[in-house]
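Undergrad: When you get a sec, could you give me coordinates for this:
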Amino acid sequence: MSYRSLCRHILVVLLLLFIPLGVSGKAGVMGIVLDVNGMIGPATSDYIDRALSRAEAEGAELVILRMDTPGGLDTSMRAIIKRIISSNVPVVSYVAPGGARAASAGTYILYASHIAAMAPGTNLGAATPVQLGGLPGADKDKEDKQSDVDEQQLPADAKASKLINDAAAYIRSLAKLRGRNVEWAEQAVRQAASLSAEEALNKGVIDLMARDLDTLLQQLSGREVQLPLGSRKLDTQDLHLIVVEPDWRSELLSILSNPNVAYILMLVGIYGLIYEFANPGSVLPGAAGAISLLLALYAFHVLPVNYAGVALILLGLALMVGEAFAPSFGALGITGVIAFVAGSLVLIDTDLPGYGISLPLIVTLAVVSAFLLVFMVGMALKSYRRPVVSGREEMLGAEGYAIESFATQGPVHVHGEIWHAQTDHPVGKNQAVRITGRDGMLLLVTPTEEEEAPS
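TA: Residues are numbered from 1 along each chain as shown. Predicted coordinates:
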């Protein structure tokens with residue numbers, strides 16, 4: 001092969017590497033798939049928000065939320081819905097694969113999406129706020145009679161009624177926005193109604209049913225959706241789908257927003273600072289404690305935290321520390337443990353499964369905290385009460401001997417050093433003296449009866 005031919009081949013290879021190849025000449029040939037599995041929380045909200053921003057920036061044709069969720073936090077759900085409604089890229093909520101569900105918060109997100117789809121063998125519904133527990137009259141076998149919801153079905157508690165009315169109004173507004181079944185949406189909230197994929201399609205709750213992504217794309221082609229910038233007709237023929245996984249930031253937020261992790265971080269932070277205050281200059285415990293406490297505060301910012309619980313935990317720790325400083329035969333310590341456990345139990349202000357603090361973890365940390373704090377502070381107190389072995393205080397009561405005889409002032413030998421001393425009684429050479437005071441560099445001494453030969 002000639003040199004010129006070789007150069008031509010290299011140039012072709014470079015062109016193939018650096019010139020992007022498209023499937024077609026039009027923009028928006030990419031679709032993004034997001035997997036929303038498990039509980040919906042702050043990490044899910046952040047994951048969807050940034051993925052939608054990427055889709056808008058890259059001109060994606062659509063975003064598919066492939067959901068399998070039992071629900072999640074109300075604040076995170078509402079943040080996701082706001083982002084979907086304001087999105088300039090069509091969002092398709094797709095409950096899949098078979099056996100998946102879009103319960104509670106997932107139902108709201110499904111209603112808010114531009115297109116709602118489900119795979120066979122999936123279900124949605126049960127959108128009653130979980131903090132309220134079961135509602136009177138919630139009977140799935142009477143689903144056909146649930147269109148007329150009277151006041152007797154509402155909880156007697158005014159706060160519960162207010163919350164459920166707000167949730168019902170919210171999902172009704174989403175149903176009207178997307179032209180879906182309004183009556184069943186309210187039933188899902190007030191009576192925890194649920195539907196299979198086939199029933200949801202027949203009742204107009206979802207737009208289509210597809211067994212997989214390929215079938216979904218075929219059915220989406222040609223559909224028109226309404227976006228904030230106007231209507232758009234979907235073209236999903238030969239659409240290239242990219243599955244976007246949560247990155248390190250979303251994974252970190254998911255870990256931090258775990259109530260058990262946030263709880264442990266808070267305690268590690270408090271322990272670290274207590275140890276640093278008890279042993280100034282340790283540095284590492286204080287630095288690690290400060291970082292842990294800041295991470296815990298960030299986690300509490302995104303979690304539904306009851307700050308009365310935080311106050312009870314701090315009070316419990318303070319009482320346990322008080323037991324070490326002022327022993328009360330266990331009264332302060334036991335009260336502190338009780339306050340600590342009570343605060344831990346009410347720390348997370350939701351009954352949502354998966355967002356509570358593990359009871360075994362609370363009991364274990366309560367016992368460990370009691371022993372650790374009493375031991376740690378007790379050791380600090382023991383160190384504080386130990387006799388001084390250096391400095392001004394250590395000289396008081398020490399013994400030495402006179403280097404030479406003197407009546408009022410003269411040199412003495414104490415702890416291997418020669419000091420200038422003053423006395424009210426004459427001192428003989430090599431006579432033992434005891435230090436009774438100190439005035440700057442002058443020692444106040446008194447002679448003893450014994451004589452001590454210099455060594």
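Undergrad: Every contact and neighbour count from this point should use C-alpha atoms.
TA: OK.
Undergrad: immediately after the helix or strand bottoming out on mean pLDDT in the chain, which helix or strand?
TA: Least confident helix or strand, the chain: helix 3-18 with a mean of 42, by mean pLDDT, DSSP states H and E. Moving toward the C-terminus from helix 3-18, the next helix or strand (DSSP states H and E) is strand 30-37.
Undergrad: I'd like the mean pLDDT over that following strand, please.
TA: Strand 30-37 shows an average pLDDT of 93 in the prediction.
Undergrad: Next SSE downstream of it?
TA: Downstream of strand 30-37, the first helix or strand assigned by DSSP H and E is helix 42-58.
Undergrad: tell me what that next one is packed against?
TA: For helix 42-58, the packing partners by 3 or more C-alpha pairs under 8 Å, 6 or more residues apart in numbering; DSSP states H and E come out as strand 30-37, strand 62-68, helix 74-86, helix 248-256.
Undergrad: most packed of those?
TA: strand 62-68 (a mean of 25; mean count of other C-alpha atoms under 10 Å).
Undergrad: So which elements touch it?
TA: strand 30-37, helix 42-58, strand 91-95, strand 101-103.
Undergrad: Now do that strand against helix 74-86: the angle between them, please.
TA: Angle, strand 62-68 to helix 74-86, by axes from the mean of the first three to the mean of the last three C-alpha atoms, to 10 degrees: 150 degrees.
Undergrad: Neighbouring strands of strand 62-68 in the sheet, and parallel or not?
TA: strand 30-37 (parallel), strand 91-95 (parallel) (DSSP bridges).
Undergrad: Out of those, which is closest to Asp46?
TA: strand 30-37 (11.7 Å; C-alpha to C-alpha).
Undergrad: Work out the gap between that closest one and the centre of the chain.
TA: Relative to the chain's own centre, strand 30-37 is displaced by 24 Å; criterion: C-alpha atoms, centre = their mean, to the nearest Å.
Undergrad: between that strand and helix 42-58, how many degrees?
TA: Using the same axes, to 10 degrees: strand 30-37 against helix 42-58 is 180 degrees.
Undergrad: Grab the CA positions of strand 30-37 and hand them over as CSV.
TA: This file holds the C-alpha atoms of strand 30-37, laid out as CSV (Å, rounded to 0.1, in the frame of the first residue of the first chain):
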residue,chain,number,x,y,z
MET,A,30,-33.7,10.2,21.1
GLY,A,31,-36.0,9.1,23.9
ILE,A,32,-35.0,8.8,27.5
VAL,A,33,-36.1,6.0,29.8
LEU,A,34,-36.1,6.6,33.6
ASP,A,35,-36.7,3.7,36.0
VAL,A,36,-38.7,4.8,39.0
ASN,A,37,-38.6,1.8,41.4
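Undergrad: What lies in contact with it?
TA: 44, 48, 51, 55, 59-69, 239-245 (C-alpha atoms under 8 Å, 6 or more residues apart in numbering).
Undergrad: now do stretch 241-260
TA: Under the criterion C-alpha under 8 Å, 6+ apart, residues 30-35, 41-44, 46-47, 51, 261-262, 295-296, 299-300, 302-303, 348, 355-358 lie in contact with stretch 241-260.
Undergrad: chain center to that stretch, what's the gap?
TA: Distance of stretch 241-260 from the chain centroid (C-alpha atoms, centre = their mean) equals 12 Å.
Undergrad: mean confidence score for it?
TA: Mean pLDDT, computed over stretch 241-260, is 85.
Undergrad: any weak-confidence spans in the stretch 151-300 of the chain?
TA: For the stretch 151-300 of the chain, the stretches with pLDDT under 70 are 151-159.
Undergrad: just the helices in it please.
TA: Here the stretch 151-300 of the chain has its helices, by DSSP state H, counting those that start in this stretch, at 158-178, 182-190, 197-202, 213-220, 248-256, 259-278, 284-302.
Undergrad: Among those, show me which one is buried the most.
TA: Of those, helix 182-190 is the most buried (mean count of other C-alpha under 10 Å), at a mean of 24.
Undergrad: got the angle between it and helix 158-178?
TA: 150 degrees.
Undergrad: who wins for proximity to Gly99 among the helices of the stretch 151-300 of the chain?
TA: helix 197-202 (10.4 Å).
Undergrad: helix/strand/coil for Ala60?
TA: At Ala60 the chain is in coil, as set by DSSP: H, G, I helix; E, B strand; the rest coil.
Undergrad: Near it, how many other residues are there?
TA: Burial of Ala60 is recorded as 22 neighbouring residues (other C-alpha atoms under 10 Å).
Undergrad: how close does it get to Ser250?
TA: 21 Å (C-alpha to C-alpha, to the nearest Å).
Undergrad: can you give me the strands for the stretch 301-450 of the chain?
TA: Assigned by DSSP state E, counting those that start in this stretch, the strands in the stretch 301-450 of the chain fall at 399-402, 409-414, 417-422, 431-439, 442-451.
Undergrad: most tightly surrounded among those strands?
TA: Buried most deeply of those, by mean count of other C-alpha under 10 Å, is strand 399-402, with a mean of 24.
Undergrad: can you tell me the average pLDDT over that one?
TA: 89.
Undergrad: can you list contacts of it?
TA: If you take C-alpha under 8 Å, 6+ apart as the criterion, strand 399-402 is touched by 410-415, 427-435, 451-452, 454.
Undergrad: now with 6 Å?
TA: For strand 399-402, contacts defined as C-alpha atoms under 6 Å, 6 or more residues apart in numbering pick out 412-414, 429-434.
Undergrad: and if you look at stretch 168-188?
TA: Residues contacting stretch 168-188 (C-alpha under 6 Å, 6+ apart): 111-112, 125-127, 189, 193, 204-205.
Undergrad: Between all of the residues you listed, which two are separated the most?
TA: Taking C-alpha to C-alpha, the two most distant members of these are Ala112 and Ala193; they sit 18.0 Å apart.
Undergrad: Looking at those two, which one has more neighbours?
TA: Ala112 (27 against 23).
Undergrad: Kindly provide the distance from Arg54 to Val36.
TA: Following C-alpha to C-alpha, the distance that separates Arg54 from Val36 is 17 Å.
Undergrad: next one: Val414
TA: Taken as C-alpha to C-alpha, the span from Val414 to Val36 is 78 Å.
Undergrad: quick one: the residue nearest to Leu273 when sequence neighbours are not counted and Tyr263, what's the gap?
TA: Using C-alpha to C-alpha, 6 or more residues apart in numbering and skipping the chain neighbours, the partner closest in space to Leu273 is Gly286 (5.0 Å). Between Gly286 and Tyr263 the distance is 18 Å, computed by C-alpha to C-alpha.
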